[in-house]
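*Asks:* Below is the sequence, then the predicted model.
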Amino acid sequence: MNMVVLIVDDNKDVYDSLALILGYYHYSCRWAESGKQAEAITRSEKIDAVLLDLSLKNESGLDVLVALTRVDPRLPVIMITAFGTFEAAVKAVKLGAVDFLPKPVKAEKLLAALDAALRNREWRDQPIQEEDNPCPLRSRDPGTLAVIAKASMLAATNIPVLITGESGTGKELLTEYLHRSSPRRDQPFVRVNCSGFSETLVDNELFGHEKGAYTGAVETHSGLFEQADNGTLHLDEIGDMSQPLQAKLLRVLENGELRRLGGVRDIRVDVRIIASTNKNLEDMADKGTFRKDLLFRLSAAHLSLSPLRERVCDLELLADMYLREFAGGGALKRFSDKAWERMIAHAWPGNVRELRGVIQTAVATTPGDVIGEESLPDGLGREKASMSGRLDVAEWDIIEQTLEEAGGNKSLAAEKLGISRRTLYNKMARYGL
């Protein structure tokens, strides 16, 4: 069945141009030149997505956006405009838009945005939690949803998994989900922070020791590998693991055998390894500080979590979840318009963990039902966040221009930009290029 896209624009030529592109890719299109017409069509027909001009003749596209989301709160609306600004994009996202495209709209960006919006709607049409197997990560971001879907498939296997992402993005939650969704769910789940101990202590914790292995070893100690036998071992912050320990870990991955400190015999274990880090292991491997053979074994299944600033569409969902969590059975609080604008504009360097802390404090320090700006940290969502947004736009333009100059040759473009081809691919995916 063809997907139906409603195009709201007071310029018939713009509609014809967009409809021509979408028709080639088997989308069906409807046209409205005013908010009133758009609302009527949305009420009477099944519309899968909306392309909405920000500036209509006698009304603001933002007002139309509000009206359409009242008709169908799950309807994905993509804003388009010839006069796009970062501030307008922030306001559109706050009001419920899922994306913001500048005119003239390029076909590849339009199709990518529509594909993401429609996949997002498919997910939003489902309950946020599945009773049998809920994932603790909450997201409406297509990229994050794809990571969760991939994790669901990997859970049934014994393949080692590497989870990367900035601090606070939810790596521990995804690790727990992998274990709880696996056939090992009823077996031990053991976690160790590789940066929390000295090399000697981590070695002892992971592999154990025999009685008399060193001064003070008065009895035999089973390490975490043995304790996690038949279950899952989460190696958090694996980028901080020393190279001698990396070699021992590689041996366990390759043949399932370990030797305790002071031991003379090998011990077989059946452990599923999940590693996580906020570091770039590829760069570390290139510099010789992380074993390439270990990285190869770990990254066969790689899950990468995006920072919160790259998935602003999740902010409302997560904020609502934490407002409910900290209500404590009392009245549910909400943000004032000014406070929410600052929340949207903030770059969230601490990611979801920072968001949770800000909301917990805001709820605790707000006597009434409305959280105002005075309950937010000083500076949150002000100069630095706005500059971050402008830098993103500038980077987008530079990458796009360099790709055009390179004739679409990504290797050449990466060379001109002075970055690796992998980094270029990541940035292209981030900006929908």
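*Replies:* Received it, and whenever you're ready, just let me know what you need.
*Asks:* other SSEs contacting the helix or strand where M153 lies?
*Replies:* According to DSSP states H and E, M153 maps onto helix 142-155. When contacts are defined as 3 or more C-beta pairs under 8 Å, 6 or more residues apart in numbering; DSSP states H and E, helix 142-155 sits against helix 107-124, helix 171-180, strand 302-304. Heads up, the C-betas are built off the backbone N, CA and C, glycines and all.
*Asks:* In a markdown table: these, plus mean neighbour count.
*Replies:* Listed next are those as a markdown table, based on neighbours: other C-beta atoms under 10 Å:
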| stretch | mean neighbour count |
| --- | --- |
| helix 107-124 | 18 |
| helix 171-180 | 20 |
| strand 302-304 | 17 |
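*Asks:* want to throw these into TSV with mean pLDDT and distance to I80?
*Replies:* Formatted as TSV, those follow (pLDDT from 0 to 100; distance: least, C-beta to C-beta, whole Å):
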stretch	mean pLDDT	distance to I80
helix 107-124	69	8
helix 171-180	94	34
strand 302-304	93	30
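*Asks:* Redo these as a markdown table? Include distance to L380.
*Replies:* Output for those, formatted as a markdown table (distance: least, C-beta to C-beta, whole Å):
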| stretch | distance to L380 |
| --- | --- |
| helix 107-124 | 27 |
| helix 171-180 | 24 |
| strand 302-304 | 27 |
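*Asks:* Figure out which of these is closest to E325.
*Replies:* helix 171-180 (14.2 Å; C-beta to C-beta).
*Asks:* What's the first helix or strand after the closest one?
*Replies:* Next helix or strand after helix 171-180 toward the C-terminus (DSSP H and E): strand 189-193.
*Asks:* so how far is the next helix or strand after that following strand from its chain's centroid?
*Replies:* Elements were assigned by DSSP H and E; along the chain past strand 189-193, the next helix or strand is helix 199-207. Centre-to-centre, helix 199-207 and its host chain are 32 Å apart (C-alpha atoms, centre = their mean, to the nearest Å).
*Asks:* Give me the helices and strands touching whatever helix or strand comes next after the helix holding M153, please.
*Replies:* Remark: after helix 142-155, the chain's next helix or strand is strand 161-164, criterion DSSP H and E. Counting contacts by 3+ C-beta pairs under 8 Å, 6+ apart, strand 161-164 is packed against helix 171-180, strand 272-277, strand 302-304.
*Asks:* could you dump these to a markdown table with distance to I399?
*Replies:* Shown next, in a markdown table, are the helices and strands packed on strand 161-164 (distance: least, C-beta to C-beta, whole Å):
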| stretch | distance to I399 |
| --- | --- |
| helix 171-180 | 27 |
| strand 272-277 | 26 |
| strand 302-304 | 19 |
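*Asks:* Of those, give the one that comes closest to A117.
*Replies:* That would be, of the helices and strands packed on strand 161-164 and by C-beta to C-beta, strand 302-304, which comes in at 21.7 Å.
*Asks:* Can you tell me what sits against the closest one?
*Replies:* V147, K150, A151, L154, V161, L162, I163, T164, G165, L174 (C-beta atoms under 8 Å, 6 or more residues apart in numbering).
*Asks:* ranking those residues by neighbours, who comes first?
*Replies:* In terms of neighbours by other C-beta atoms under 10 Å, these top out with I163 at 27 neighbours.
*Asks:* beta partners for that one?
*Replies:* S276, L303 (DSSP bridges).
*Asks:* before we move on, the earlier item: figure out how far the helix holding M153 is from the centre of its chain.
*Replies:* 11 Å.
*Asks:* That one - what's its average pLDDT?
*Replies:* Mean pLDDT, helix 142-155: 86.
*Asks:* All set now, cheers.
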